[in-house]
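[1] give the three-dimensional model of this entry:
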Amino acid sequence: MARWIGPRPEYDYIDDVLAAAAAWKDRCLLADGSVFTDESLWTVDNVQELEQLLQASGPSRWPFASFENQPPSVIHLAAEAYWLAFLFVESKENQAYTSPDWKRRNFHQIWQMGGSDVPDSPHLSDRALRGVGSVGQAHWRYDLALRYLMEMVRLWKTEPSPVDVQQEPPWNFIDWLGSKVDSPRERPMHHAILYLLFPDYVERIAKLPHKQRIIEWFGDRSQKDRAETGPDEVIYEIRKRLEEKEGTEELDFYLAPLKERWERLKSPPVKQEEPLSSGRQSLNVILYGPPGTGKTYATARWCVDLCDGEKQRTDEQIRVRYRELVTAERIEFVTFHQSYGYEEFVEGLRPETGSDAGIRLTATDGVLKRIARRARESSMGEPHVLVIDEINRANVSKVMGELITLLEEDKRQGAANEVVVTLPHSGERFTLPANLYLLGTMNTADRSIALLDTALRRRFQFVELAPDPELLVEAADATDVDLPAVLRVMNERLEWLLDRDHLIGHAWFMAARTREDVDEVMRRKIVPLLAEYFYEDWAKVRAVLGGGDDFVRGQALRRPPRLDDDGHEDERLRWSVRDEFTEDAYDRLIDGQPATDDA
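    Numbers count the residues shown, from 1 in each chain. Now for the predicted structure:
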């Protein structure tokens, strides 16, 4: 049964969560009442009014600021909708912003705007607010979740002949909902509310990619064909088969032994519009990989997803939203370099001219202190991100000093082992807020992870951005060059000659649309990079390129006059990239059948 999420008594709080969900279903969805009082809150008029208010508020993580002059019934509806939106979200250790206390405190704040006392209810207990699953990221966009809930309830209550929400199994209702709401399966709230309504049939999975991977691993061909239109029904069929095979109903796709199986699958190749998922829950992440693996683009995507929640976005949407977040000072960007220090990063002493024309040294905040202050002062714990580009190029111990201890998630503000330090210049007491993410990037061609400071490695989660030849299929079709094979073969040779830190990324070729575009990338990017990798050892450069002269050529240099036999070789070559590549140069690169210089 899908409502089983772990062994008792550790997980018996699920009964309280589902009892709260059942109360909402009976009193509010099937009727017009309230979870907590005798008021009629979930009426069509109130739902439509709240839906309009949420739409008018625009993108916001606290859309309730302008609700003070609204009728108490609408405000109390907003409070209950907020409670419902967070009923699914699991509380995580060392994340104060998902705790039952945090959820309850925000519910109280909204409810009291309506001018009445907060109700006392078991559905506001710690056990009821523990949550059951992840929505993709702790700081999700609950304004969008609320809008989805209002749209769903409005449609349910205004349709002339909706399907029966109490019918079992619930596939007709789920199909009906999917046909009415725009792109519902992309929304975490859609998956969350289905579990809360139908815990015996729908899994506690709010991430569509996870459902897809479960079906890909456990499903048969016919089930995989139906995965796009009815993933929940397919997973239910898979569950019943697994229960019979394992001889128990106590199975959960997020626990052993099932989780280890489907997690072996790689996510589908990451296209430009798909969100990354690995490592999203960590506060400290380093994206690493060789040149050309899309670290710059991935950084923008991670920042937007961390701040707004994961969803499908186009490249342009990501760029626009990233700029908006930078303007709103929720993202700071800094590049480490060899002379970068503690003074620029945390705080330093700067000379200032006093009123008596003298000079005094004043403590000045660095980038980390500035964004930490903004994150701490954020009224609803909005995520803030500090991007540290080229994090491996500075002396991290020198730059971070004593603050490297504060990076650990269990030592952040409000965590179980919170640590506060006294800063040396200002004397301020300082700790890192729990809603501040550190996102570093590093180019492995400059420095291997193995050479990083051990303390840094211990405190960051590392996410590899490896070359992915499969992302070049579209460019290959456009250019008529087998780019996946070209990239794969060159990287195999590079790893044999050097190591996996010195490879070539797919991003170099992704924009190519003609053969001339590919040639230009090879001429301006790839060959110079290879020459740098091998310190001008052109024999190895040629080996990576197929072993011949299709891409580079050597011109003999004249021996200087009057040189005795002093150990210089008889012939020296000046190497250069060809102005034009041979017609079948890429085929020979793949096959390793070089052309001669006379070709």
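
[2] strands along the stretch 201-350 of the chain, start to end?
    In the stretch 201-350 of the chain, the segments counted as strands under DSSP state E, counting those that start in this stretch are 284-289, 331-335, 347-353.

[3] all helices of the stretch 301-450 of the chain, in order?
    Under the criterion DSSP state H, counting those that start in this stretch, the stretch 301-450 of the chain carries helices at the ranges 315-327, 342-345, 367-377, 396-400.

[4] count of neighbours near the closest residue to Ser57 other than its chain neighbours?
    Once flanking residues are discounted, Ser57 sits nearest to Pro63: 3.9 Å by C-beta to C-beta, 6 or more residues apart in numbering. (Glycine included, C-beta is placed from N, CA and C.) Pro63: 22 surrounding residues under other C-beta atoms under 10 Å.

[5] pretty sure Pro63 contacts Gln52?
    No. Using C-beta atoms under 8 Å, Pro63 is not in contact with Gln52; the gap is 11.7 Å.

[6] of all the residues in stretch 17-36, which ones are buried?
    17-18, 20-21, 23-25, 27-29, 32-36 (16 or more other C-beta atoms under 10 Å).

[7] what does stretch 56-75 give?
    Buried-residue list, stretch 56-75, by 16+ other C-beta under 10 Å: 57, 60-64, 67, 70, 73-75.

[8] re earlier: if I pick the residue nearest to Ser57, what's in contact with it?
    Neighbouring residues of Pro63 by C-beta atoms under 8 Å, 6 or more residues apart in numbering: 53-54, 57, 143, 146.

[9] one more time with 7 Å, if that's ok
    Shown in contact with Pro63 (C-beta atoms under 7 Å, 6 or more residues apart in numbering): 54, 57, 143.

[10] next one: Ser282
    Gln461.

[11] how near is it to Val463?
    Distance of Ser282 to Val463, computed by C-beta to C-beta, to the nearest Å: 9 Å.

[12] repeat for Trp496
    Taken as C-beta to C-beta, the span from Trp496 to Val463 is 25 Å.

[13] who's more crowded, the two?
    Neighbour count, other C-beta under 10 Å: between Trp496 and Val463, Val463 has more, with 19 against 10.

[14] need the phi and psi values for the more buried one.
    phi -120, psi 120 (degrees, to the nearest 10).

[15] pick the most buried one from the strands of the stretch 201-350 of the chain.
    Of all those, strand 284-289 has the most neighbours on average by mean count of other C-beta atoms under 10 Å, namely a mean of 23.

[16] give me the mean pLDDT for that strand.
    Averaging pLDDT along strand 284-289 gives 89.

[17] cool, stretch 128-139 as well?
    73.

[18] was I right about Gly401 contacting Glu343?
    No. With contact defined as C-beta atoms under 7 Å, Gly401 does not count as touching Glu343 (10.2 Å).

[19] and the nearest residue to Arg588 once chain neighbours are set aside, how many neighbours?
    Among residues not flanking Arg588 along the chain, Gly546 sits closest, at 5.0 Å (C-beta to C-beta, 6+ apart). For Gly546, the neighbour count with other C-beta under 10 Å is 24.

[20] residues contacting Thr362?
    Contacts of Thr362 (C-beta under 7 Å, 6+ apart): 349-350, 352.

[21] likewise Phe198?
    Pro170.

[22] going forward, count from 48.
    New numbering, starting at 48: the last item is Phe245.

[23] distance check, it against Ile282.
    12 Å.

[24] equivalent analysis for Val82, please.
    With C-beta to C-beta as the criterion, Val82 and Ile282 are 29 Å apart.

[25] name the residues of stretch 280-291 that are buried.
    280-286, 289.

[26] sorry, back to before: tell me which element the residue nearest to Arg635 is part of?
    Secondary structure from DSSP states H and E places Gly593 outside every helix and strand.

[27] hmm, back to that, please narrow the buried residues of stretch 64-83 to those residing in helices.
    Among these, the members falling in helices (DSSP state H) are 64-65, 67-68, 70-71.

[28] thought Asp173 was touching Lys150?
    No. Under the criterion of C-beta under 7 Å, Asp173 is not in contact with Lys150, lying 9.8 Å apart.

[29] who has more neighbours, these two?
    Lys150 (24 against 14).

[30] look up phi and psi at that one.
    Dihedral angles (degrees, to the nearest 10) for Lys150: phi -60, psi -40.

[31] what residues are up against it?
    Counted by C-beta under 7 Å, 6+ apart, Lys150 has contacts 133, 176.

[32] also the one 5 residues further on?
    If a contact means C-beta under 7 Å, 6+ apart, then His155 has Val165 as its contacts.

[33] next SSE after the strand or helix carrying it?
    His155 is located in helix 147-159, with elements delineated by DSSP H and E. Next along the chain after helix 147-159, taking DSSP H and E as the criterion, comes helix 189-205.

[34] returning to that earlier point: can you put the strands of the stretch 248-397 of the chain in TSV and add distance to Asp584?
    Below are the strands of the stretch 248-397 of the chain laid out as TSV (distance: least, C-beta to C-beta, whole Å):
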stretch	distance to Asp584
strand 331-336	24
strand 378-382	30
strand 394-400	43
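
[35] so which of these comes closest to Leu433?
    Using C-beta to C-beta as the measure, strand 378-382 is the one of those that comes nearest Leu433, at 5.0 Å.

[36] what angle do that closest one and helix 414-424 make?
    Angle of strand 378-382 versus helix 414-424, following axes from the mean of the first three to the mean of the last three C-alpha atoms, to 10 degrees, is 170 degrees.

[37] average pLDDT across strand 378-382?
    93.

[38] how about the CA coordinates for stretch 127-137, as CSV?
    Below are the C-alpha coordinates for stretch 127-137, written out as CSV (Å, rounded to 0.1, in the frame of the first residue of the first chain):
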residue,chain,number,x,y,z
GLU,A,127,-5.8,26.9,5.3
ALA,A,128,-4.6,26.7,1.7
TYR,A,129,-1.1,27.5,3.0
TRP,A,130,-1.4,24.8,5.6
LEU,A,131,-2.5,22.3,2.9
ALA,A,132,0.3,23.3,0.5
PHE,A,133,2.9,22.4,3.2
LEU,A,134,1.1,19.3,4.6
PHE,A,135,3.0,17.1,2.1
VAL,A,136,6.4,18.8,2.5
GLU,A,137,8.6,16.7,4.8
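
[39] what about Asn464, distance to Ser623?
    Distance from Asn464 to Ser623, by C-beta to C-beta: 59 Å.

[40] same thing with Val466?
    57 Å.

[41] ok, those two, which is more surrounded?
    Val466 (17 against 12).

[42] for that one, give me phi and psi.
    phi -120, psi 130.

[43] name the nearest residue to it, ignoring sequence neighbours.
    Nearest one to Val466, counting by C-beta to C-beta, 6+ apart, is Lys458 at 4.2 Å.

[44] try Ser168
    Using C-beta to C-beta, 6+ apart, the closest residue to Ser168 is Phe83 (5.0 Å).
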